[in-house]
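Enquirer: What follows is a predicted structure for the sequence shown.
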Amino acid sequence: TTTTINATSATSITSSSASSLGAMQNNNNDTILQQQQQHDSMKIECRPCGEVGPEGGARAFVTGPEPISIVLCTNRLQSLEEIQQVLVHELIHVYDVRQLKLDLTSCQELAYSEIRAAKHAECASTAPTDNNPNNLSSLLKLPTTLFQTSCIKSKATAATSNLFTKPGQAKDCINRVFTKAMNDTRPFSSFSSGTTTTQGRRNNYTTPKKPYDSGAWHSQR
């Protein structure tokens, strides 16, 4: 059997194929854009939190990875200052997951992020400032850097031990990454500690080469 296709039919087939390919390309582009928008989006949710599991005792926590969300526990936050503090803490975690590609299911990488979060959030107020000359470190006559270091290690160890519960495991992870995490001030340009300032050095912590994709997780504080 011989099939004959004239020039008009060939042109018609070519145009139809081009249109189909164009439509497929547009659909692919739309899908990629939707996936990127989903990846870039972040939700902040306010709700009462439970007493058991990952949210037990937490004032706020992060869930993810897609979409990544911050949950503020309305039954445990009592003031605007507390809300601001936990938002800074959890946003550091979000930054670490999205930009630094940290895997918060890894003990050392969670510890790294918890140190950074505590440094800029709940332990930031331990440094004397013009607006806060009577903070606890000043009242106790303790060296500011010593008091801040103690605060950061305590908070970060407690947070890490919520997910890594073996005796001494969280403390060991904190000690392994503490110096690098303290020197990593991203996304800020510097970190004030009393009268000294640690400039924003880019001491890169070893992170996964692939984007974070490890199912649902919680990072609580």
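Expert: It's in.
Enquirer: element containing Asn75?
Expert: Using DSSP states H and E, Asn75 falls within no helix or strand.
Enquirer: Pull the number of nearby residues for the closest residue to it other than its chain neighbours.
Expert: Sequence neighbours aside, Pro48 is the residue nearest to Asn75 in space, at 4.3 Å (criterion: C-beta to C-beta, 6 or more residues apart in numbering). C-beta: built from backbone N, CA, C; applies to glycine. Pro48 is flanked by 9 other residues according to other C-beta atoms under 10 Å.
Enquirer: And the pLDDT for Pro48?
Expert: On the pLDDT scale, Pro48 is placed at 94.
Enquirer: quick one: the strands in the protein?
Expert: Assigned by DSSP state E, the strands in the chain fall at 42-47, 60-64, 68-73, 190-193, 196-199, 217-220.
Enquirer: Would you single out the least confident of those strands?
Expert: When I compare those, strand 196-199 is least confident, with a mean of 35.
Enquirer: where does the chain have low pLDDT?
Expert: Within the chain, the ranges that satisfy pLDDT under 70 run 1-40, 54, 126-144, 190-221.
Enquirer: sorry, back to before: give me every residue that touches the residue nearest to Asn75.
Expert: Cys73, Thr74, Asn75 (C-beta atoms under 8 Å, 6 or more residues apart in numbering).
Enquirer: list the contacts for the first one?
Expert: Taking C-beta under 8 Å, 6+ apart as the criterion, Cys73 is in contact with Arg47, Pro48, Cys49, Glu55, Ala58, Arg59, Ala60, Phe61.
Enquirer: Redo those residues as a markdown table? Include distance to Lys171.
Expert: Putting the contacts of Cys73 into a markdown table (distance: C-beta to C-beta, whole Å) gives the following:
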| residue | distance to Lys171 |
| --- | --- |
| Arg47 | 32 |
| Pro48 | 31 |
| Cys49 | 26 |
| Glu55 | 23 |
| Ala58 | 20 |
| Arg59 | 22 |
| Ala60 | 23 |
| Phe61 | 21 |
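Enquirer: Make a ChimeraX selection of whichever of these turn out to be buried.
Expert: This is how ChimeraX selects the buried members of the contacts of Cys73, with burial counted by 16 or more other C-beta atoms under 10 Å:
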select :49,55,58,59,60,61
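Enquirer: burial measure for Met42, as a count.
Expert: Around Met42 there are 14 residues (other C-beta under 10 Å).
Enquirer: likewise Ile92?
Expert: 24.
Enquirer: That one contacts Glu122, correct?
Expert: No. Using C-beta atoms under 8 Å, Ile92 is not in contact with Glu122, being 11.2 Å away.
Enquirer: wait, what's in contact with Arg98?
Expert: Per C-beta under 8 Å, 6+ apart, neighbours of Arg98: Ile68.
Enquirer: from now on call the first residue 208
Expert: Okay, using 208 as the starting number, the last item reads as Arg305.
Enquirer: separation between it and Cys280?
Expert: 23 Å (C-beta to C-beta, to the nearest Å).
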